[in-house]
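*Asks:* what's the 3D shape of this:
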Amino acid sequence: MSVLVVGSTALDSIKTPYGENPRLLGGSASHAAVAASFFAPVKLVGIVGDDFPKRYVRLYRRHGIDLAGLQVAPGKTFHWAGEYEANMNNRRTLTTELGVFETFIPNLPEAHRQTPFVLLANIAPALQHHVLNQMRRPKFVVADTMDLWLNIALDDLLKLLRRVDALVLNDSEARQLTKEDNVIAAAKKIHRLGPKYVIVKKGEHGALLSSPTGMFISPAFPLNKVVDPTGAGDSFVGALMGYLAGRKGAPEAHLKRGMIYGSVVASFCCEGFGLTRTTTVTRAAIEQRARQLKKMVQF
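*Replies:* Now for the predicted structure:
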């Protein structure tokens, strides 16, 4: 089955202790769509300006990504610039230029409205609602969010939580949303807001799944060197959704293994700037690293 990925498509200028790269392909939808494409067909919905490099369109197509929902508008593509310190947990935003993304309305092509798996990548909750209003009985819906929406669009987000199967957020956002200091307590409170499944991303410490049957911890794959963590969280959830869409049966049966694959693809993302490493990975390399991760946690 296929995955619909709706989110931002951007040009990222990134500086880390390992170098500086301008105008790389980025955005939540880009990272998630490429990650999902290793496991299932992907339909991307986003917006770019008329300055968007053709080589990135070709990159999407090399990964078999359906671009019927990618709008091209007069103006500049969303551009973000950021700098990481030696401790990659510390990031400073240098520039945010929304460009055509400021007026983005995710209107879906008719053929996209019956896509069974829907990933609402990190965009405004009002836009995520707009996507769901156009869908026809999707099988599994996952929403990602961030602290910005908790600050400026909380009411819209709370309404959205009643419409999704799973919510993905990081540990600080889970605490902010629930006013709970403990992540486990926060996840349980989020269940009461609507989502059956809650996935809490914890960066280099992996991710936690809270479900009706209990807890599951997915470790991050340990790396000798992190070149650029931009997009790792989006790669994680994209690979997870792609894996779910590529399996038979109920999505719930495959969530744990899907999180392992999410951690693996996210680790590849961190090994290069932007999508430069992810786009060179093979499915065989992903499978090999998944086996390595499995061995690390067996006892």
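*Asks:* And residue 229, its phi and psi?
*Replies:* The main-chain torsion angles of residue 229 are listed as degrees, to the nearest 10 and equal phi -80, psi 0.
*Asks:* where do the strands sit along the stretch 101-250 of the chain?
*Replies:* In the stretch 101-250 of the chain, the strands defined using DSSP state E, counting those that start in this stretch lie at 117-120, 140-144, 166-170, 197-201, 207-211, 214-218.
*Asks:* tell me the angle of the second one relative to strand 166-170?
*Replies:* Note on geometry: by axes from the mean of the first three to the mean of the last three CA atoms, to 10 degrees, strand 140-144 and strand 166-170 are set 20 degrees apart in direction.
*Asks:* so what strands line up beside strand 140-144?
*Replies:* Within its sheet, and counting by DSSP bridges, strand 140-144 is paired with strand 117-120 (parallel), strand 166-170 (parallel).
*Asks:* Quick check: bridge partners of residue 91?
*Replies:* Bridge pairing for residue 91 (DSSP bridges) gives the partners residue 84.
*Asks:* since we're on it, how many residues are nearby?
*Replies:* 15 (other CB atoms under 10 Å). For every residue, glycine as well, the C-beta is placed using N, CA and C.
*Asks:* That one is in contact with residue 16, isn't it?
*Replies:* No - distance between residue 91 and residue 16: 9.2 Å, which falls outside the contact criterion (CB atoms under 8 Å).
*Asks:* ok, residue 79 - contacts?
*Replies:* Listed by CB atoms under 8 Å, 6 or more residues apart in numbering, the contact set of residue 79 reads 10-13, 23, 95-97, 99.
*Asks:* quick one: buried residues of the helix or strand harbouring residue 286?
*Replies:* Assigned by DSSP states H and E, residue 286 falls within helix 283-297. Taking 16 or more other CB atoms under 10 Å as the basis for neighbour counts, the residues of helix 283-297 that come out buried are 286, 289-290, 293.
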